[in-house]
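1. Could you look at this predicted model? Sequence included:
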Amino acid sequence: RLIDTLMSSIPCDFGFVRCGCATPQLMVASPVHNALEHVKCIEEAARRHVQVLVFPELSLTGYTVGDLFLNEELQTSAVRALNQVVQQSCDYRLISFVGVPLLIDQQMFNCAVAVCGGRILGIVPKTYLPSYKEFYETRHFCPADRLVSKSVDLCDQTAIPVGTDLLFEVRLSSETIFRIGAEICEDLWVPIPNSSWLALNGATILVNLSASNDVVGKAEYRKALVTQQSARCVAAYCYCSCGYDESTTDVVFGGDAMITENGTLLSRSQSFVRGRNQIITADVDAGRLRHERGMTGSFGQGVASMRGSAGLSATYINWRVIPVPPVIPPLAFLPSPGRAPSDHQPLDTLQRQLSAHPFMPSRELADVNARCREIFNLQTVGLCRRLSSVMSGHPGVTIGISGGLDSTLALLVTVAAFDQLGWPRTKILGVTMPGPGTTSRTKSNAQRLMELLGITQREVPIGEAVDLHLRQLGHQPCWKCLMCENAQARERTQILMDLGFTIGTGDLSEIALGWCTYNADQQSMYNPNASIPKTIVRTLVAWAAREKVFQEEQTSLVLFDILGTPISPELIAVTDASASPQLTEDIIGPYELHDFFLFYFIRHGISPSKIYWMATTCTFDQPYSPEDIYKWLRLFVKRFLENQYKRDNSPAGPKVGSVSLSQRGDWRMPADLNNKEWLARLDEAFQLIAPHAHPAPTPVCSPAPPATSPMSMLTSPQSTVNTATSA
C-alpha cells in the first residue's frame, strides 16, 4: 500500500513539447492581409497540437519593406494587424512569436511579440542590427540597448513587458515546466548570442525569428550554426526565416526553418515553397534537456560564472519571468483526465524519429563503415597504450577464443594492436577451452580464425578438471545447473590468467545485465570490449568481414560464419555437437531491445516507464509486442539494479562511446539497493501504456531483416551462413 501511495500517475506527455515553425504566404507591406495568413497558420498549428509556434522576422510586414518601415501608415497598419492576430487567435491553445516593427520610446524596434490566449505576454526587441553588405537595418531600427521603457501599452493592453531580459515560463503539468527565450536573426550570429544568456537563465526552448537570405553554401552554414547553438545551450532551438514571397529586388529568401535539440536536427522545412503556408513541427524532449543540464556540471558552472561577473549589466542578471496563461494543454500520448481519446480527439503520435538502434543511429552503409572504423581504432589505441606500458619489452598476451562474437572482436582488436606496435602476432596466445557444452561449429571457427590470423594456438580441455573440482566440493556434475556453469567459467579464467596477461572479451550489454560469472569471464587484465554493446560487437565483426579489414578472403568467410552462429555461453552439455541448447536471447531477451533500454537509461537518464513507451513507438529489426517489450524491460531493470557488485570489480577498458559503466568514472551506484519501487513503477506503466501502444511495427522483410539493418550486412555471396538461423 505504501508503494501504491508513492506511485504518481504516469505523465501523459512524457516531458515532450511540440514546437512548430510557420512560414506564411506574404504580401510585402500589407500587414492586414498577412495577419489573416498568420491566423490560418496558428489555426493549423493548433489542430496539430503545436504548443510553441515561431514566425519569421518582421513577419507581419515583410522584411524587405525598406524605407516604408519609417512610414506612419505602415507602422499603424502593423499594430492593427498585430491586434487582429491577438484577437482572432484567442481560442487557440498555444504560444506564438510574431515579428512586428514597433515604435517604442519614439524609436523603431524590430520586435518578437509573444502572443497567447488573446493577450500579448511580452515584447523582445532585436539586439544586434546588421549593417554590412546587403543589410542596413540601422537605417530603420534601433538596437535593444536604446530601449528606455520596461513596459508599453499596446493593443488595448497596459504594462506589457518589453526588453531582452524576458523569459516565458510554461507549466503544462507538474512534470513538464519549461522556459522559452526569444532572439532575432543576427542575435545568433555574434560571438556570444543572446540565446546563451537565455539558456543560462533557464530557457530550454529558444526561438529565433529570422530573415536570412539565401546564397550559395549559406544553408549548410546556417544549419551548423543553429544545431551547434542548441548543443552549446543544451536546449531546443526553433529557427524560422523569411520565405519565398519576400521582395527579390536584391536578395532571395528560401524560407529556411529548423527545429533542433541539443545538437540534433529534428525537422527542417523545404526551401522555396510557393503558393502555400508551410509549417514544420517536432516534439522536443524537455525532460531530456533538463536531465542533460543537471548531469553536465560545466553548464551549472556557466550559470554561476555569469551571476558572479561584475562586468555584466543588470540586463543579463536580473531576468523577468513571464508566466504563460495555463491554457496550453499537455500532449496526450496516454489518456488523461482532461483529454481522453475519442473519435474527435485521438491520442497524439510522437512527431520525431526515435532510433531503435541508438548506438548506431545511421543505417547508411557509408556512415556505418565510418563509425565502425572509428570505434575499432579507439579500441586498438586503448589496448596499444596499455600493452606498451606493461609488456616492458617482452610482448605476449593470452586471450580465450570461443568462436563467439565477443572473443572474435577482442582477438581482432588485439591483432590490430600488435600490428601497430610492430610486435609479432605469434606472441598472442589464443586458447580454446572446450567443455561439455562446446559445439563443433564454434570450436572449428575459433581454431580456423586463429590459424588465419597467424597467432599461437593452444587447446586446454576443461571437462576433467571441472568434474574433479565439483566432486571435491561434493557436487555431482550434471552440466545443467548454475554451479556447473560457474565452475566452467572460473576454470577457464584461471587457465588464462595462469598463462599470462589476459585480454578480456565481455561486452557492455553483458556487463549491464550481469550476464557473466563473478571472478570468471567478468575478470581480465584489460578489456577492449568494455564499452561496446552487443549490437555493435555484431556490427563491428560484420564490418571487418565485409570490408576485409584483415585482407584474407578466408578470414572474412570465417567471420561471416561466426556472425551466423546463435549467441550462446555453451555451458550446458550438448546432445547434438553441432548446436547448443542454451541460446542467450531465449533466456535474457533480444540484445537489440536491451541495448535500446541501456542507451536511454544511462545516456539520458530516462525512466523505465518512459523507455517502455518509447520502445513501443519504434521499429526494431524484429517485431515485438507491448507484452514482449515489458517482459524484457522488466528483466533488464531487475538485472541491472541487482548486478552492480559485478560492475564494481570490472577491469579497465577504453570508453569509446557516450555510454560506459566503468566504476572508476561513468557509473557509480550502490550494490545493495532495493529495486521494489522501480519494478512497481514499471508495472504501473505497463498497465497504463500497453492498451494504447501502437501495433508492433513489422520489419520491411520478415523473417529476413530489413535491407538497411546491420543484420542485413552480415550476409555475403560467399558466406555459408543460414540467414533464417542467424535472424
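-> Perfect, thanks for sending it.

2. Can you get me a residue count around residue 131?
-> Using other CB atoms under 10 Å, residue 131 is surrounded by 12 other residues. No exception for glycine: its C-beta is placed from N, CA and C like everyone else's.

3. top helix in the chain by residue count?
-> helix 365-390 (DSSP state H).

4. Any buried residues in that helix, and which?
-> For helix 365-390, burial by neighbour count (16 or more other CB atoms under 10 Å) applies to 368, 371-372, 375-376, 378-384, 386-387.

5. can you list those residues in TSV and add distance to residue 70?
-> Listed next are the buried residues of helix 365-390 as TSV, based on distance: CB to CB, whole Å:
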residue	distance to residue 70
368	57
371	55
372	60
375	59
376	63
378	59
379	64
380	65
381	63
382	64
383	69
384	68
386	70
387	73
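
6. Pipe those into JSON lines and attach pLDDT per row.
-> Below are the buried residues of helix 365-390 laid out as JSON lines (pLDDT from 0 to 100):
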{"residue": "368", "pLDDT": "95"}
{"residue": "371", "pLDDT": "96"}
{"residue": "372", "pLDDT": "97"}
{"residue": "375", "pLDDT": "97"}
{"residue": "376", "pLDDT": "97"}
{"residue": "378", "pLDDT": "97"}
{"residue": "379", "pLDDT": "97"}
{"residue": "380", "pLDDT": "97"}
{"residue": "381", "pLDDT": "97"}
{"residue": "382", "pLDDT": "97"}
{"residue": "383", "pLDDT": "97"}
{"residue": "384", "pLDDT": "96"}
{"residue": "386", "pLDDT": "95"}
{"residue": "387", "pLDDT": "95"}
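
7. Which one of the residues you listed is nearest to residue 492?
-> Nearest to residue 492 among the buried residues of helix 365-390 is residue 383, at 20.7 Å by CB to CB.

8. if we can go back for a sec, can you give the distance from the longest helix of the chain to the centre of its chain?
-> 22 Å (CA atoms, centre = their mean, to the nearest Å).

9. now do stretch 140-155
-> Using CA atoms, centre = their mean, the offset of stretch 140-155 from its chain centre is 40 Å.

10. With stretch 25-32 instead?
-> 40 Å.

11. Kindly export that stretch (C-alpha atoms) in CSV.
-> What follows is stretch 25-32, C-alpha atoms only, in CSV (Å, rounded to 0.1, in the frame of the first residue of the first chain):
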residue,chain,number,x,y,z
GLN,A,25,2.3,33.4,-47.5
LEU,A,26,3.2,37.1,-47.6
MET,A,27,2.3,40.3,-49.3
VAL,A,28,5.1,42.8,-48.7
ALA,A,29,3.9,45.9,-46.9
SER,A,30,0.4,44.5,-46.4
PRO,A,31,0.1,43.7,-42.7
VAL,A,32,-3.6,43.2,-42.5
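
12. Any chance you could list what contacts it?
-> Stretch 25-32 is contacted by residues 33-34, 37, 59-62, 64-65, 68, 74, 77-78, 80-82, 84, 242-243, 245-247, 275-277 when judged by CB atoms under 8 Å, 6 or more residues apart in numbering.

13. Please convert the buried members of these into PyMOL selection syntax.
-> Buried subset of those, written as a PyMOL selection, criterion 16+ other CB under 10 Å:
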select buried, resi 34+37+59+60+61+62+64+65+68+74+77+78+81+82+84+242+243+245+246+247+277
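
14. Tell me which of the contacts of stretch 25-32 fall in helices.
-> Those of the contacts of stretch 25-32 lying in helices (DSSP H): 33-34, 37, 74, 77-78, 80-82, 84.

15. Same list, the residues you listed, but as a markdown table with pLDDT and distance to residue 217 please.
-> Converted to a markdown table, the ones in helices among the contacts of stretch 25-32 look like this (pLDDT from 0 to 100; distance: CB to CB, whole Å):
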| residue | pLDDT | distance to residue 217 |
| --- | --- | --- |
| 33 | 96 | 34 |
| 34 | 97 | 30 |
| 37 | 97 | 30 |
| 74 | 97 | 34 |
| 77 | 97 | 37 |
| 78 | 97 | 33 |
| 80 | 97 | 40 |
| 81 | 97 | 35 |
| 82 | 98 | 35 |
| 84 | 97 | 39 |
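
16. In JSON lines, list these along with distance to residue 108.
-> Converted to JSON lines, those look like this (distance: CB to CB, whole Å):
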{"residue": "33", "distance to residue 108": "22"}
{"residue": "34", "distance to residue 108": "18"}
{"residue": "37", "distance to residue 108": "23"}
{"residue": "74", "distance to residue 108": "10"}
{"residue": "77", "distance to residue 108": "14"}
{"residue": "78", "distance to residue 108": "10"}
{"residue": "80", "distance to residue 108": "17"}
{"residue": "81", "distance to residue 108": "16"}
{"residue": "82", "distance to residue 108": "15"}
{"residue": "84", "distance to residue 108": "21"}
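
17. tell me which element residue 560 is part of?
-> helix 553-563 (DSSP states H and E).

18. and that helix, what other elements does it pack with?
-> Helix 553-563 sits against helix 405-421, helix 440-453, helix 534-546, with contacts defined as 3 or more CB pairs under 8 Å, 6 or more residues apart in numbering; DSSP states H and E.

19. what mean pLDDT would you report for whichever helix or strand comes after the longest one?
-> This means helix 405-421. Later in the chain than helix 405-421, the nearest helix or strand by DSSP H and E is strand 428-432. Regarding strand 428-432, the rounded mean pLDDT is 98.

20. Make residue 1 into 16 and carry on from there
-> Happy to do that; since the first residue is 16 now, the last one works out to strand 443-447.

21. Strand 443-447 versus helix 420-436: what angle between them?
-> 170 degrees (axes from the mean of the first three to the mean of the last three CA atoms, to 10 degrees).

22. counting contacts, what elements does strand 443-447 pack onto?
-> Packed next to strand 443-447, using 3+ CB pairs under 8 Å, 6+ apart, are strand 412-415, helix 420-436, helix 455-468, strand 471-474, helix 497-514.

23. the strands in the stretch 266-415 of the chain, which residues?
-> Taking DSSP state E, counting those that start in this stretch as the criterion, the stretch 266-415 of the chain carries its strands at 272-276, 279-283, 293-300, 335-338, 412-415.

24. Paired strands for the fourth one, with orientation please.
-> In other words, strand 335-338. strand 181-186 (parallel) (DSSP bridges).

25. List the buried residues for the partner strand?
-> For strand 181-186, by 16+ other CB under 10 Å, it's 181-183, 185.

26. what's the answer for stretch 102-115, then?
-> 103-104, 107-115.

27. before we move on, what about stretch 641-659?
-> 641, 643-645, 647-656, 658-659.

28. Report the distance from that stretch to the chain centre.
-> So, by CA atoms, centre = their mean, the centroid of stretch 641-659 is 21 Å from its chain's centroid.
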